[in-house]
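# A structural model of the following input is requested.
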Amino acid sequence: MLQTLASAWKVADLRRRLVFTLAILVVFRIGAHIPVPGIDKEALAKIMEAGLLFGFFDIISGGAFKSFTVFAMGIMPYINASIIMQLLTVVIPKLERLAKEGEEGRRKIVQYTRYGTVVLGFIQAIGMAVFLGRSEPVALLHPGLPAYLMVAVTLTAGTTFLMWLGELITERGIGNGISLLIFAGIVARLPQEFYGIYEFVRTGTVGIISVLGFAVIAAVVIGAVVAMNEGQRRVPVQYTKRVVGRRVYGGQSTHIPLKVNQAGVIPVIFAMSILLFPNTLASWFPQNALAQRVVQFFDFRSVQYMVLYAVLIIFFTYFYTAVTFNPVDVADNIKKYGGFIPGLRPGRPTAEYLERILTRITFAGAVFLAFIAILPNLVTAATGLNVYFGGTSLLIVVGVALDTMKQLEAQLLMRHYEGFIK
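Next up is the predicted model:
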């Protein structure tokens with residue numbers, strides 16, 4: 001990795017892209033410290049200390065949620081809008097046709113995603129403003145409709161600005177801009193987490209053996225996440241020779257890479273969003289007995305929460321994989337270009353074979369995602385350390401780091417071949 005970065009820094013174009021990406025990330029970190037006006041900081045601190053309902057969002061936003069800055073919502077509305085738009089592309093024929101129209105269709109879908117981000121962000125911001133205005137203690141200095149609108153507009157503008165920064169990184173920098181913003185937000189919290197562990201050891205709250213055990217577990221888990229993220233089943237495909245004029249095409253062997261973790265981290269985000277929804281609604285009625293029972297039932301440390309969380313992750317892994325990978329379309333494309341899987345006839349037998357393989361490897365990926373997601377709770381119970389750097393954060397960090405390094409290597413390889421041709 002270090003060698004790749006050093007090689008990229010020697011290339012002028014890549015160096016400009018790297019510097020531009022770092023500059024955008026600096027802007028992101030500066031914005032994470034600009035507070036939203038009209039907030040009572042002392043009351044907000046008491047609310048945040050009372051529970052860990054929004055702990056995941058605080059990690060994603062790099063601590064901006066806890067201090068309630070203009071980037072408090074982070075880029076989550078954009079992620080939700082992207083997921084919804086991707087699912088609607090499969091359901092709505094018009095969007096499906098747009099997705100197949102090439103670059104122009106993709107631009108329209110991106111534009112729809114931007115509009116969806118603003119709408120979802122404003123709805124979420126209104127909910128957060130109402131929550132702060134009705135909480136105990138009240139976190140708004142002047143509760144009322146003007147204060148709600150001011151907070152909502154400020155938070156929505158912050159999310160929209162982050163979306164723009166992410167698109168700038170994608171166009172002029174290195175890597176996927178949205179993913180890198182999430183990556184930067186998570187990594188920014190690491191020094192604070194390490195300092196918290198140091199304080200636990202210094203005060204004698206946690207023993208050094210527990211910390212060493214935690215370090216070993218973390219190293220093993222990171223290795224497992226890398227292996228699972230890179231793991232794939234390669235299905236061999238043979239293409240027959242075709243004679244066109246005086247040239248012979250085809251006759252080559254290749255493979256279809258079926259990833260074990262085809263859905264990435266999206267099933268975890270889906271499951272977490274669903275499980276956070278009842279708690280979010282219940283938090284608006286702190287004095288209601290039913291709301292208190294809902295909060296207790298959906299406590300992230302409870303057994304029923306972890307079981308339900310794991311089941312939802314497995315379900316959404318299969319669901320999202322089925323949406324994004326269609327074995328029938330893949331089999332038809334193979335048949336169209338004169339290919340076949342050795343031992344199978346083109347068409348329906350090939351589609352059934354691909355679906356059977358995908359079902360098996362998806363089960364392994366789904367179980368692994370569920371295990372990683374609930375692992376922080378298990379580690380906390382085993383070592384006594386309160387781990388806020390959850391499995392979702394780990395999956396995002398490792399995935400984004402690997403993807404960014406692959407893009408850097410691809411850029412270097414492209415420039416290497418260009419120089420060779422010259």
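
# distance of residue 227 from residue 5?
Going from residue 227 to residue 5 by C-beta to C-beta, to the nearest Å gives 23 Å. No exception for glycine: its C-beta is placed from N, CA and C like everyone else's.

# please apply the same query to residue 160.
According to C-beta to C-beta, residue 160 and residue 5 sit 31 Å apart.

# cool, and residue 315?
From residue 315 to residue 5 the distance is 39 Å (C-beta to C-beta).

# and what of residue 94?
Taking C-beta to C-beta as the measure, residue 94 falls 44 Å from residue 5.

# next one: residue 332
The spacing between residue 332 and residue 5, counted by C-beta to C-beta, is 42 Å.

# that older thread, residue 315 and residue 5: which is more packed in?
Ranked by neighbour count (other C-beta atoms under 10 Å), residue 315 and residue 5 place residue 315 first, with 15 against 12.

# checking the more buried one next. Helix, strand or coil?
helix (DSSP: H, G, I helix; E, B strand; the rest coil).

# show me what stretch 395-404 is in contact with.
For stretch 395-404, the external contacting residues (C-beta atoms under 8 Å, 6 or more residues apart in numbering) are 174-176, 179-180, 182-183, 186-187, 222, 225-226, 229-230, 264-265, 268, 369, 372.

# so where's the longest helix in the protein?
Determined from DSSP state H, the single longest helix within the chain is helix 348-383.

# now it: mean pLDDT?
The average pLDDT within helix 348-383 is 84.

# what is it packed up against?
For helix 348-383, the packing partners by 3 or more C-beta pairs under 8 Å, 6 or more residues apart in numbering; DSSP states H and E come out as helix 208-230, strand 232-239, strand 253-259, helix 266-283, helix 303-324, helix 327-336, helix 391-421.

# and the angle for whichever helix or strand comes after the fourth one with helix 266-283?
Taking DSSP states H and E as the definition, the helix or strand that follows helix 266-283 towards the C-terminus is helix 289-297. Note on geometry: by axes from the mean of the first three to the mean of the last three C-alpha atoms, to 10 degrees, helix 289-297 and helix 266-283 are set 150 degrees apart in direction.

# quick one: helix 289-297 to chain centroid distance?
Relative to the centre of its chain, helix 289-297 is centred 29 Å away, using C-alpha atoms, centre = their mean, to the nearest Å.

# neighbours around residue 238, how many?
If we define neighbours as other C-beta under 10 Å, then residue 238 has 16 of them.

# quick one: the helices in the stretch 1-150 of the chain, in order.
Listed from the start of the chain, the stretch 1-150 of the chain has helices (DSSP state H, counting those that start in this stretch) covering 2-10, 12-31, 41-50, 55-60, 76-91, 93-99, 103-134, 145-172.

# export those as a markdown table, with columns for mean pLDDT and distance to residue 354.
Formatted as a markdown table, those follow (pLDDT from 0 to 100; distance: least, C-beta to C-beta, whole Å):
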| stretch | mean pLDDT | distance to residue 354 |
| --- | --- | --- |
| helix 2-10 | 74 | 34 |
| helix 12-31 | 88 | 37 |
| helix 41-50 | 73 | 48 |
| helix 55-60 | 59 | 35 |
| helix 76-91 | 81 | 18 |
| helix 93-99 | 81 | 21 |
| helix 103-134 | 86 | 26 |
| helix 145-172 | 90 | 31 |
